[in-house]
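Enquirer: Requesting a structural model of the entry that follows:
(2 chains)
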Amino acid sequence: MSSSIQIVLGIAMIFGAALAAPWLQRLLGARLGPVLALAPVIMFGLCIKAAPAVASRDALRLDIPWATELGISLSFFIDGFSLLFLLIISAVGTFVVLYAGGYLHGSPTIGRFYLFLLSFMAAMLGIVSADNLILLFVFWELTSITSFLLIGYDHEEEESRKSSLQALLVTGGGGLAMLAGFVLLGHLAGTYRISEILALPSGQLAAEPSFPLVLGLILLGAFTKSAQFPFHFWLPNAMAAPAPVSSFLHSATMVKAGVFLLARLHPCLSEHPLWTPVVGGFGAATMITGVFLGFGQTDLKKILAYTTLSVLGTLTMLLGIGTELSIKACLIYLLAHALYKAALFMTAGAVDHETGTRDINTLSGLRGPMPLTAIGAVIGALSMAGCPILVGFISKEYFYKALLDAEGPPFLWEIAGVSASMVMTALAIIAGIRPYLGTVAKTPKHPHEAPWTMWIGPLVLGGFALKFGILPGWVGDHLITPAARAVLGQADYHAHLKLWDGLNTALLLSLVTVIGGLILYALSRSWREHSGKLYAVLNAMGPQRAYFGILNGTLSFAKWQTSLLQNGKLRNYVLTVGAFTVFLILLVLPRNRFAFDPAAMAPVSLLGVLVCLFIIVAAVATCFVKSRFTAILTLGVVGLGIAMIFFMSSAPDLAMTQVLVETLTVVLFVLAFRNLPLLKDYSSKTIRIRDAVAAGAFGIVMTCLVLVAFQFRNTPSEVAAFHSANSLPAANGRNVVNVILVDFRALDTLGEITVLGVAALGIYAMLRMNPTKP
Amino acid sequence: MNSLILKMTTRLIMGLLLVFSVFLLLRGHNLPGGGFTGGLVAASAFALQALAVGTREARATLILDPRTIIGLGLAISLASGFPSVLAGQTFMTGIWDKTVLPVVGKIGTPLVFDVGVYFVVLGVVLLFVLSFANNSDTEARKESQWN
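Expert: This is a model prediction of the structure:
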């Protein structure tokens, strides 16, 4: 079995584990977490096993036909860049699954939680290995939906519900824009296959006039998903989710999907001159916004969320710069961030779980009661602050090198990068070190060490951060080089990483960052105390205001038009439908010519004239009778008259159906109206005149329509000819109408009878509701 | 409603109507008729019984609940699409037995499909008729517990 099949089966296995989780919950009890963690462990093993093959060849592929006519297939494509993500997702995923078992211990709905979490994991693995734009989109939206379900896991809290809806609307809306971008891109390239699009000759797509639109739409999808400014507000709000979700979706994986997409399509999209200013610019704005807003926070998880925002901005900015060096820096930064941020979120969750608070002003001295959590947190914080021999140091070094190397206005990138990193260093101390130092403070719960499932993750991830920091050469050769080759589209690129690169400007900037970070840390408490008003003003004016404006505007518009159109009065419904139909027909009717030729008509028989008179008399009578029964009967007479016309025009099928339907309608009307009072003059004269005008207009327009349609009477139609010719030989039936219904277009009929059945059940349910009973 | 003449007539023509509905269903492939019209005729037979004799009797003759009939019809129609899949053709390709049977004619999956349509139409109409009759009839209101 080839490695690509194994990896795709691995993704399927995780979907399977997700579906099994709610059932396994009853069977396994507290062991559910450790057992389910086996799924990502196996996935991790499969990825390790595939690594040499990916490094030696350019990519693993697997193709399963799906809707091939539309150019959509289940095609998977695993190159070095996919593999980096696959490894991060399955490694962090393993510890998150374990961690959730401890964090949500005893929760009756933990099986459901695992259903969402593992579905998300499988979808995320799918995004990074998809080779088809549409398949990627399917997985992409699946992560949005699972993220919605996970943020709203505590669905009894209003804040959770609001935040989850916000995340869904922002990322889902961006996803729709991205789909439009994908369709346009597929149209321009002539294929939806990502590997083929990337292999097109350089500059071919970027020269297309509609390419800026494609770029804009895809960026909209990536920016909303990766919470770039001005769409950043949903990510801090998503911290309403339980800690395992924050550490997995909203730091290490899902929010990186946008970065992944930008990097994946980098060889194609970056050819346009707008790429660097737009992507680099929004990235830098997000980087600064994130740390600035985070610096005023007191909630442990929110601080981490804002630093995540800043890092996402950094990664986007590095992709926007787009040099070899900046891509290398982006990849190593991405790896380092996944390791330390997942660990920090897990320790923050553990602290919250054991002490009952996340307020940094009350947390203190936790190294005594929670020593293992403290070790994990401190390693993570040091890596985040960029301290030597941890991988965070390496990533910061290469980040600075990339900025020094970047083109553009002098010092702009450097100043932005260094100042953001300084604040980040201070925030790392605040969130990862400060709570564990000093004397033990009084907290809502008496703190003690978390269960093993909750500290194992931070410790192992911290161990990786240390190992990668000491052996950067190995990371460079085996993880970053294959990934960078894929992102750059250069097969012979090699990424060297070194721990000690001599005394240079980047090292100097690192030193400045650490000193600046310590100074900012010293100032942080008084800043938080005095800046409350500033943040309140910023919050009130921020882009979130636009979000709520649009949301509430849409809701009140919906309310307004619903109460206008669906006010519960049958007569108004009929009026609306009729008037709108007339309006639509009148839009197109004048474009047709009336080729009404009396000579072409069938001879008018006396019987025909009599039947028509009969119908007219009955119809007029319906409008003026005073009793419902009479009205029903006269209406029935109209229907039967029409059936007569069908008979005379040799349409026995129609006539028979018309008679039957008419009969049953009369029966139903009689049954329904039997208990209603006599008709009264409910409506004023004006309303009656209005109704008469509407009805008259409808009748006149329909008559015109028939007269226009008359000229097409003898136009030969391919469809009709086909059905007549093939009815007997192909479908063994002489009654063409019926053959169309049950054979040629049987799928349509199946749909129709399904609708009929469902509608009947709906009406039945309404009839069973007795409004007189409470 | 309490009319002896109507009751007796109903008893006489009920069977005729049902036979006629099956006749329409079977001949539909070659001559006017089919599952839809057949179903409507059968439904009108039961509607007549419900009006003339009572909803309780109509339900008893029907044996199955209208909702079950709808489900049954949908299942039959859906199932008729699968034999062609097993034979390696696309879903819902008609498969016919070429021998002509007396009365019924040729047997094929489209006929089975039409039988499904017949039942869905019968079920839908009777669901309306019987629940309207139940709702508007005080005597029948007690029957809704029996339902």
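Enquirer: tell me which element B:L26 falls in.
Expert: Assessed by DSSP states H and E, B:L26 sits inside helix B:4-27.
Enquirer: which residues does A:L168 contact?
Expert: A:S144, A:I145, A:S147, A:F148 (Cβ atoms under 8 Å, 6 or more residues apart in numbering or on different chains). Where C-beta positions appear, they are placed from N, C-alpha and C, glycine not excepted.
Enquirer: If we use 10 Å, what do you get?
Expert: Applying Cβ atoms under 10 Å, 6 or more residues apart in numbering or on different chains, we find A:L168 in contact with A:S144, A:I145, A:S147, A:F148, A:L149, A:I151, A:G152, A:G175, A:W234.
Enquirer: Next step: those residues restricted to strands.
Expert: Assignment to strands by DSSP state E places none of the contacts of A:L168 there.
Enquirer: Quick check: the farthest pair among those residues?
Expert: With Cβ to Cβ as the measure, no two of these lie farther apart than A:G152 and A:G175, at 17.8 Å.
Enquirer: Quick check: closest non-adjacent residue to A:G174.
Expert: Leaving aside its sequence neighbours, A:G174 sits nearest to A:T224 (Cβ to Cβ, 6 or more residues apart in numbering or on different chains; 2.7 Å).
Enquirer: Repeat that for A:A450.
Expert: A:A350 (4.2 Å).
Enquirer: so where does A:L205 fall, helix or strand?
Expert: In this structure, A:L205 sits in neither a helix nor a strand according to DSSP H and E.
Enquirer: hang on, isn't it packed against A:E271?
Expert: Yes - contact criterion Cβ atoms under 10 Å: A:L205 and A:E271 qualify, at 7.1 Å.
Enquirer: Name the residue in these two with the higher neighbour count.
Expert: A:L205 (20 against 17; other Cβ atoms under 10 Å in any protein chain shown).
Enquirer: Name the residues of stretch A:427-445 that are buried.
Expert: Residues A:L427, A:A428, A:I429, A:I430, A:A431, A:G432, A:I433, A:R434, A:P435, A:Y436, A:T443 are the ones in stretch A:427-445 that count as buried (16 or more other Cβ atoms under 10 Å in any protein chain shown).
Enquirer: re earlier: neighbour-wise, which of A:G152 and A:G175 wins?
Expert: Remark: of A:G152 and A:G175, A:G152 carries more neighbours, 23 against 20, as counted by other Cβ under 10 Å.
Enquirer: separation between the closest residue to the more buried one other than its chain neighbours and A:Y400?
Expert: In space, and not counting its chain neighbours, A:G152 is closest to A:S164: 3.3 Å by Cβ to Cβ, 6+ apart. Applying Cβ to Cβ, to the nearest Å, the value for A:S164 to A:Y400 is 38 Å.
Enquirer: and residue 38, what is it in contact with?
Expert: Went with chain A since none was named. A:M13, A:A17, A:T94, A:V97.
Enquirer: could you do chain B instead?
Expert: Taking Cβ under 10 Å, 6+ apart, one finds A:660, B:18, B:20-28, B:114-115, B:117-119, B:121-122 in contact with B:G38.
Enquirer: what does A:F669 give?
Expert: A:R628, A:F629, A:A631, A:I632, A:L633, A:L635, A:G636, B:F132.
Enquirer: Can you add secondary structure, pLDDT and distance to A:S364 and give those residues back as JSON lines?
Expert: What follows is those, written out as JSON lines (DSSP: H, G, I helix; E, B strand; the rest coil; pLDDT from 0 to 100; distance: Cβ to Cβ, whole Å):
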{"residue": "A:R628", "secondary structure": "helix", "pLDDT": "80", "distance to A:S364": "80"}
{"residue": "A:F629", "secondary structure": "helix", "pLDDT": "83", "distance to A:S364": "84"}
{"residue": "A:A631", "secondary structure": "helix", "pLDDT": "87", "distance to A:S364": "82"}
{"residue": "A:I632", "secondary structure": "helix", "pLDDT": "88", "distance to A:S364": "82"}
{"residue": "A:L633", "secondary structure": "helix", "pLDDT": "89", "distance to A:S364": "87"}
{"residue": "A:L635", "secondary structure": "helix", "pLDDT": "91", "distance to A:S364": "82"}
{"residue": "A:G636", "secondary structure": "helix", "pLDDT": "91", "distance to A:S364": "85"}
{"residue": "B:F132", "secondary structure": "helix", "pLDDT": "81", "distance to A:S364": "73"}
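Enquirer: and those, which are buried?
Expert: Buried residues within the contacts of A:F669, counting neighbours by 16+ other Cβ under 10 Å: A:R628, A:A631, A:I632, A:L633, A:L635, A:G636, B:F132.
Enquirer: The third one contacts A:T622, doesn't it?
Expert: The one in question is A:I632. Yes - in this structure A:I632 lies within contact range of A:T622 using Cβ under 10 Å: 8.8 Å.
Enquirer: can you tell me how far the closest residue to A:D154 other than its chain neighbours sits from chain B?
Expert: Nearest residue to A:D154 in three dimensions, chain neighbours excluded: A:S160, at 4.6 Å (Cβ to Cβ, 6+ apart). Note on A:S160: its distance to chain B, by Cβ to the nearest Cβ, to the nearest Å, is 38 Å.
Enquirer: how far does stretch B:19-37 sit from the chain's center?
Expert: How far stretch B:19-37 lies from its chain's middle: 12 Å, per Cα atoms, centre = their mean, to the nearest Å.
Enquirer: One more: stretch B:21-41?
Expert: The answer for stretch B:21-41 is 11 Å, by Cα atoms, centre = their mean.
Enquirer: re the thing from before, any idea of the mean pLDDT in the helix holding B:L26?
Expert: Per-residue pLDDT values over helix B:4-27 give a mean of 90.
Enquirer: wait, what's in contact with the residue nearest to B:L26 when sequence neighbours are not counted?
Expert: Nearest non-adjacent residue to B:L26, counting by Cβ to Cβ, 6+ apart: B:V104, 5.7 Å away. Residues near B:V104 by Cβ under 10 Å, 6+ apart: B:V22, B:L26, B:R27, B:L111.
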